[in-house]
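K.L.:
compute the structure for the input listed below.
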Amino acid sequence: MFKRAEKSARQSSVDGAAPSAYDIFKLSWPMTIKAVFLHGTVLLDGWLVSHLGEESLAAMGLAGALGGIVLGVIFAFSHALQIRTAQAFGTGDPVYRKSVLASGLTVGLLIGLIGICSIFLFGQSLLASLATSEDIAVQAWTYLSIFSLVILGEAIGQSASSHFNGCGRTKIPLIGYCLSVPINVIFSYAFIHGAFGSPAFGVPGAAMGSAFAIMIQTVFLAIQVVRLDGHLRKVIGWQRQTFYLTIKRHFEFSLPIAATFISATFAGHICMLIYAKMALPDFAAMTLIAPWNMVAGQISMQWTQATGIMVAQLLGKGATEKLLDKFLSAAWRGAMVAAGCVAVIFLVMNVSVDLLYPDLLPQTRMTLIGFLPILLLIQVPRTTNAICGNTLRASGDTIYVMKLFLWAQWGFRVPATAIVVLYFDLSAFWVLSLLLWEELIKFLPFHTRLWRGDWKRVSVSQ
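P.N.:
Next up, the predicted model:
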């Protein structure tokens with residue numbers, strides 16, 4: 001089945017026909033569901049822990065901010081691996097494919113191990129200095145120490161998933177998450193609340209359930225890599241003479257892409273740590289809306305990532321500028337539909353706040369309801385910016401994308417968040433609105449770069 005999909009993907013460029021919006025949909029829907037499962041784990045944990053009260057939510061928010069930084073680095077490099085795999089797949093060179101897979105897995109595992117060591121060296125003291133009470137700090141550290149197992153599993157699993165996505169086999173990572181999600185739901189609920197004869201661990205129980213589920217998923221993905229691409233081990237040679245030079249080349253290509261995502265992760269989690277200084281109901285609302293933003297936004301974000309994968313494959317095959325223009329036009333129209341779907345989800349969530357979070361303080365629920373205008377307005381600029389960013393990355397124009405993200409995040413969002421929270425003490429509504437202003441700042445530079453068209457004339461064979 002997967003071999004037939006690969007043959008079909010190559011045939012479109014041979015025939016001179018641009019992939020359609022339906023082709024993007026076939027690639028993106030498994031990625032979307034898988035990403036919803038991934039980020040939905042955090043949303044699920046937040047919902048289960050919300051029944052324990054605001055202090056437990058604050059503990060999970062702090063621990064998630066630190067653990068998320070490490071996961072963000074892993075996801076950043078895996079995204080670069082996804083793009084480079086798509087380029088290698090487009091060329092059809094087995095040495096290129098073997099080199100990208102081996103170097104990507106190696107880099108991902110090293111990053112995970114470094115991140116875990118950093119957590120155990122510095123995490124506990126950092127949480128103690130940031131938490132508003134000793135009890136919150138203790139709960140957060142217990143959660144984070146167990147969550148390290150999730151980091152180890154994702155270091156391997158995300159690299160394998162990115163490899164499959166780059167080859168167009170997006171259903172395989174989805175199957176892995178379909179195996180892990182029911183396990184996560186059952187075990188997290190049991191460990192948090194003491195159901196099914198289990199002890200009630202509270203906040204740490206959420207990390208226990210997630211860790212067990214991720215390990216099951218990682219084993220499945222590793223087996224699929226060996227089963228479907230184990231033959232690459234027999235391919236002689238490396239893209240750059242030796243494995244060391246191959247890893248070096250992979251790292252050089254990946255670093256600007258990874259730096260962009262690492263910057264976004266650090267900026268986001270530093271802002272979350274700043275949010276911890278807000279009033280408890282406002283901080284709880286910001287903690288709850290963050291995973292909703294991630295989960296619902298995957299509909300449009302994964303469409304744009306699938307667009308980037310197909311652009312990379314087309315460039316690897318040497319597609320003409322006319323074909324690339326035709327493809328991107330179809331991708332753009334579909335992205336607007338995806339943005340509209342995300343807006344509808346937030347509208348439904350907004351009118352269901354009292355049903356979803358009945359145990360929260362009324363002030364916290366009202367703050368969540370007040371977020372709606374921002375969540376509706378941000379969808380179009382966020383989605384079109386993502387189309388531009390993923391297309392430019394697929395062509396190798398990674399430095400420009402990195403610089404634009406760095407300026408928007410560190411020149412605007414992070415300092416602006418510190419000012420409005422720590423100095424002006426504004427409400428959560430105005431704090432969240434900074435995300436919209438950040439997208440508007442990036443809008444013109446992104447679209448101008450894409451319309452120049454230089455990305456259509458590059459060679460990605462190396």
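
K.L.:
okay, buried residues for stretch 330-343 please.
P.N.:
Buried residues in stretch 330-343, counted by 16 or more other C-beta atoms under 10 Å: 330, 331, 332, 334, 335, 338, 339, 342, 343. In this view, the C-beta of every residue, glycine as well, is placed from N, C-alpha and C.

K.L.:
which element is the residue lying closest to residue 298 once chain neighbours are set aside on?
P.N.:
Distances taken as C-beta to C-beta, 6 or more residues apart in numbering place residue 35 nearest to residue 298, at 4.0 Å, with adjacent residues excluded. Using DSSP states H and E, residue 35 maps to helix 21-50.

K.L.:
do residue 150 as well
P.N.:
Assigned by DSSP H and E, residue 150 belongs to helix 134-166.

K.L.:
which parts of that helix are buried?
P.N.:
136-166.

K.L.:
again with stretch 219-234
P.N.:
Within stretch 219-234, the residues scored as buried using 16+ other C-beta under 10 Å are 220, 221, 224, 225, 228, 229, 232.

K.L.:
okay if I get the residues you listed as CSV plus secondary structure, distance to residue 195 and pLDDT?
P.N.:
CSV is the format used below for those (DSSP: H, G, I helix; E, B strand; the rest coil; distance: C-beta to C-beta, whole Å; pLDDT from 0 to 100):
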residue, secondary structure, distance to residue 195, pLDDT
220, helix, 26, 94
221, helix, 29, 93
224, helix, 32, 93
225, helix, 35, 92
228, helix, 38, 90
229, helix, 40, 89
232, helix, 45, 86
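
K.L.:
out of those residues, who's nearest residue 23?
P.N.:
Of all those, residue 23 sits closest to residue 228, with 21.1 Å by C-beta to C-beta.

K.L.:
how long is stretch 112-129 end to end?
P.N.:
Start and end residues of stretch 112-129 are separated by 25 Å (C-alpha to C-alpha, to the nearest Å).

K.L.:
before we move on, back to that, distance of the residue nearest to residue 298 from residue 67?
P.N.:
Distance from residue 35 to residue 67, counting by C-beta to C-beta, to the nearest Å: 18 Å.

K.L.:
do the same with residue 416
P.N.:
For residue 416 relative to residue 67 (C-beta to C-beta), the value is 25 Å.

K.L.:
the more surrounded of those two?
P.N.:
When neighbours are counted by other C-beta atoms under 10 Å, residue 416 and residue 67 differ, and residue 67 comes out ahead with 26 against 17.

K.L.:
so the more buried one sits against residue 147, correct?
P.N.:
Yes. Between residue 67 and residue 147 there is a contact under C-beta atoms under 8 Å: 4.6 Å.

K.L.:
centroid residue for this protein?
P.N.:
residue 75 (6.1 Å; C-alpha atoms, centre = their mean).

K.L.:
what's it sitting at in phi/psi?
P.N.:
Note on residue 75: its backbone torsions stand at phi -60, psi -30 [degrees, to the nearest 10].

K.L.:
can you read off the pLDDT for it?
P.N.:
pLDDT for residue 75: 85.

K.L.:
surely residue 79 is in contact with residue 259?
P.N.:
No. Here residue 79 does not reach residue 259: they are 11.3 Å apart, not a contact under C-beta under 8 Å.

K.L.:
low pLDDT regions in this protein?
P.N.:
Applying pLDDT under 70 to the chain flags the ranges 1-16, 37-43, 460-462.

K.L.:
where do the strands sit along it?
P.N.:
Taking DSSP state E, the chain contains no strands at all.

K.L.:
in it, which residue sits furthest out from the middle?
P.N.:
Distance from the C-alpha centroid of the chain, by C-alpha atoms, centre = their mean, peaks at residue 197 (34.8 Å).

K.L.:
residue 325 versus residue 121, what's the distance?
P.N.:
Relative to residue 325, residue 121 is positioned 51 Å away (C-beta to C-beta).

K.L.:
looking at those two, which is more packed in?
P.N.:
Ranked by neighbour count (other C-beta under 10 Å), residue 121 and residue 325 place residue 325 first, with 12 against 9.

K.L.:
my guess is that one meets residue 456, correct?
P.N.:
Yes. Between residue 325 and residue 456 a contact is recorded at 7.5 Å, counting by C-beta under 8 Å.

K.L.:
returning to that earlier point: which residues sit in contact with the residue nearest to the centre of the chain?
P.N.:
Residue 75 makes contacts with 154, 158, 261, 265, as judged by C-beta atoms under 8 Å, 6 or more residues apart in numbering.

K.L.:
want to throw those into TSV with distance to residue 207?
P.N.:
Converted to TSV, those look like this (distance: C-beta to C-beta, whole Å):
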residue	distance to residue 207
154	13
158	18
261	23
265	19
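
K.L.:
let me know the closest of those residues to residue 26.
P.N.:
Distance to residue 26 across these (C-beta to C-beta) is lowest for residue 158, with 21.8 Å.

K.L.:
for residue 198, what are its contacts?
P.N.:
190, 191, 205.

K.L.:
check contacts around the first one.
P.N.:
For residue 190, the set of contacting residues under the criterion of C-beta under 8 Å, 6+ apart consists of 196, 198, 205, 209.

K.L.:
now residue 390: closest residue in space, sequence neighbours ignored.
P.N.:
Spatial nearest neighbour of residue 390, chain neighbours left out: residue 308 (3.1 Å); criterion: C-beta to C-beta, 6+ apart.

K.L.:
count of residues packed around the one you found?
P.N.:
Counted with other C-beta under 10 Å, the neighbours of residue 308 add up to 23.

K.L.:
also residue 377?
P.N.:
15.

K.L.:
next one: it from residue 51, what distance?
P.N.:
Distance, residue 377 to residue 51, using C-beta to C-beta: 32 Å.

K.L.:
now residue 369
P.N.:
Look at residue 369 and residue 51: by C-beta to C-beta, they are 20 Å apart.

K.L.:
likewise residue 253?
P.N.:
Residue 253 is 46 Å from residue 51, where distance means C-beta to C-beta.
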